[in-house]
Each structure stands twice: as C-alpha cells, then as structure tokens.
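Visitor: got a sequence here, can you model it:
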Amino acid sequence: MAHELTREFGAAGFALCNTLVEMLDEHFAHQSERRGCGFAQSTRYLSRLINRPRDPLSASDLQAFADWPMAETEALASILVNAGLATGWRALLDPATRDTVPETGAHGAHLLALAETLAAMPQRLEHEESQIFLRLFTQTLSGLGDPAPDLPGMPIKPEVGSCSEAESYFLEIAHGRIRRRGSVNIIVDPQGRPVLLEKIGLGENHSAISIGPFRLFGVCIPPGSLCAIRRNPEAVPLRELRRGLLLPTTALEETRFLRLTTLAISPESRARAFTCQLQAQVRAAMFSPLTATLGQLQELAERFVQGTEP
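Guide: Residues are numbered from 1 along each chain as shown. Alright, predicted model coming up:
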C-alpha cells in the first residue's frame, strides 16, 4: 500500500520523485540491517537538501518532485530577485511576500498551487511520522522554519556514520546507562535549555542526538534527530559534568542533520514508521527500543544541567 505522503502528493498533482516514493513505500531496495528502513532513508534523502543554504536562484530542492520544471523555476527566480525579492522563487511559498510578487504567469501559478498544497496537507495526514516529514520538507522548500536557535551548518558531509545501530547508545543513555569508557556532553542554548546530547567514547565521536529544536539553514530540526557536530577545540565549557561537559551552542563550529532516529517518533507509532529497522533493534537486544521515549533523554539532560545527573 502506498505511503500516505506519496498518495497525497500524487493526488494533488505534485508527485514525489521515484527515489522518495520507493523509500516511503518501503521498497526492499531501501531496507538493510545497516541502513535501516525506507522511512529512515527518506529522512537521509532530505538531509542532502537541508544541509545547504537556501539558494534563491537554484531550484535543486525541487528535485524531490517528479519532473519538476527546473529551468522555468530558475528563470522565474532571477526575475523575482531582480525585482527585489531576495528569496527568489521561495517568495511564492511565503505568505508574507507572495502578495507582493509581480505577475509570474503559469509557472508562478504552479508554485502558488504547491504552496496551497503544502499548507493544506497537514489536515489530510493521519500519521505522526508523515507530519514530521512534511514539516521538514515544507521548511526545506520555503526556508521558513519554526522559531528556534540558529546553529552553524555543515554543508560538507563528514566521516560520521548514520547507521541504524546508532540508537543503541542513545537508548542506553536514556535509561541513565553510560558505558564505562563513555561520557556525555550536553549542549545548551543561551537560555540554558538542552539542545543536543553528544556521546563521547561510545561508537563514533562527533555524533549527537537533538533533544531540543534548532534551525539549520532556515529549517527547524526536530528533537530525536541524529546529527554530526564539530566543536571549537578552544571553546570554554560552562562547567564540567560528572561524566562530560556542559557546553554552550557557541562552542559549535558546524552542525549537520543526518536523519531521524527511532526516538523521534512516539512508541505508539514507531513500529509502523520504522518497520524492519525497529524489528532489527529488537533482534539485536537493544535497550527498550519499543518503549524508550525522547522524554527520558530530555529529562536526563535537564538533570545534567541542574547538576543532579546519575
């Protein structure tokens, strides 16, 4: 059965590209022990778009749709930028600027129809994972992310993996279990709210999970996202923790969204969203993959901030 996102976009006349359709529809080619399930792969696909500046002239983000008229969009973008609309074709997706856009003909109408489709689609979607994917996708196209701290992006993919086993460490940490040689850094925004939890000495370093929202290139990254980070080695921590450091977001030189983890979705929806990936976590005897929640990680991070960590 087709995923509700592929079904709804197709019905609206904005069919997604074949790669995204296969991923969301859980084609076997996008399922493996290491890479996870098709839904996880679809958020990796979005990461390629999210982790670069929102270009007002390039229509490359629209390659997520099948047969999008790229040349027409980029020609229209040049006209709009020359008319003083700095966001180019994205101005037609922004309610604050679309009424100021000059006459743009049939292709402008096509973009306005896309804007209407994106605005109406949340009411037509039933599943939690579809809503999260849609928010990421919509904000990638528009550059209008929800209010959140802006972190420096990482356009070039680092040598940090995003395999489906990354959750094993975060699931253990959620239950207050940190392996003997490991430690945890908590990165907080200027108000002292935890934004990222970085694991050290647990699998690959420079790997973190978001526990609060933040923005990359105008896109709001939801809690439960696997991220790669690069810290300034000269950054001064706010204080030492019993097993790690408390660091400000200003210590980050680069941040990259890699994919959604299974913790980004509630336990009630997780098996449907992550299908074979969650089954593999159960077979691998990971720590409570069916019931662990992001709230447990967020509560633990708050304890670190307050100095009452386990």
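
Visitor: could you measure from residue 111 over to residue 155?
Guide: For residue 111, the distance to residue 155 (CB to CB, to the nearest Å) stands at 25 Å. C-beta coordinates here come from the backbone N, C-alpha and C atoms, glycine included.

Visitor: the more surrounded of these two?
Guide: residue 111 (23 against 11; other CB atoms under 10 Å).

Visitor: wait, the more buried one touches residue 93, no?
Guide: Yes: at 6.8 Å, residue 111 counts as touching residue 93 under the criterion of CB atoms under 8 Å.

Visitor: now do the same contact list for the nearest residue to residue 51 once chain neighbours are set aside.
Guide: In space, and not counting its chain neighbours, residue 51 is closest to residue 256: 5.3 Å by CB to CB, 6 or more residues apart in numbering. Each residue near residue 256 by CB atoms under 8 Å, 6 or more residues apart in numbering is listed here: 47, 51, 153, 154, 157, 158, 160, 216, 227, 228, 229.

Visitor: of those, just the buried ones, ChimeraX syntax please.
Guide: In ChimeraX syntax, the buried subset of the contacts of residue 256 is picked out as below (16 or more other CB atoms under 10 Å):
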select :47,51,153,154,160,216,227,228,229
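
Visitor: of the contacts of residue 256, which one scores lowest on pLDDT?
Guide: When those are compared by pLDDT, residue 160 scores lowest at 69.

Visitor: which parts of the chain are strands?
Guide: 183-188, 194-200, 207-210, 214-216, 219-221, 225-231, 239-241, 244-248, 252-260 (DSSP state E).

Visitor: okay, and the beta partners of the residue nearest the centre of the chain?
Guide: Per CA atoms, centre = their mean, the C-alpha nearest to the average position across the chain is that of residue 221, at 4.6 Å. Counting by DSSP bridges, residue 221 is bridged to residue 214.

Visitor: if we can go back for a sec, now the strands of the chain as a markdown table including distance to residue 303?
Guide: Converted to a markdown table, the strands of the chain look like this (distance: least, CB to CB, whole Å):
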| stretch | distance to residue 303 |
| --- | --- |
| strand 183-188 | 10 |
| strand 194-200 | 10 |
| strand 207-210 | 16 |
| strand 214-216 | 21 |
| strand 219-221 | 23 |
| strand 225-231 | 21 |
| strand 239-241 | 10 |
| strand 244-248 | 12 |
| strand 252-260 | 22 |
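
Visitor: nearest to residue 41, out of the ones you listed?
Guide: Set against residue 41 and scored by CB to CB, those come closest in strand 252-260, at 8.0 Å.

Visitor: between the closest one and strand 225-231, how big is the angle?
Guide: Per axes from the mean of the first three to the mean of the last three CA atoms, to 10 degrees, the angle that strand 252-260 makes with strand 225-231 is 160 degrees.

Visitor: output strand 252-260 as CSV, nothing but the C-alphas.
Guide: The C-alpha trace of strand 252-260 is given here as CSV (Å, rounded to 0.1, in the frame of the first residue of the first chain):
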residue,chain,number,x,y,z
LEU,A,252,29.7,24.5,17.8
GLU,A,253,31.5,25.4,14.6
GLU,A,254,29.4,23.1,12.4
THR,A,255,26.2,21.0,12.8
ARG,A,256,24.7,18.6,10.3
PHE,A,257,21.3,16.8,10.3
LEU,A,258,21.9,13.2,9.4
ARG,A,259,18.4,11.5,9.8
LEU,A,260,15.6,11.0,12.2
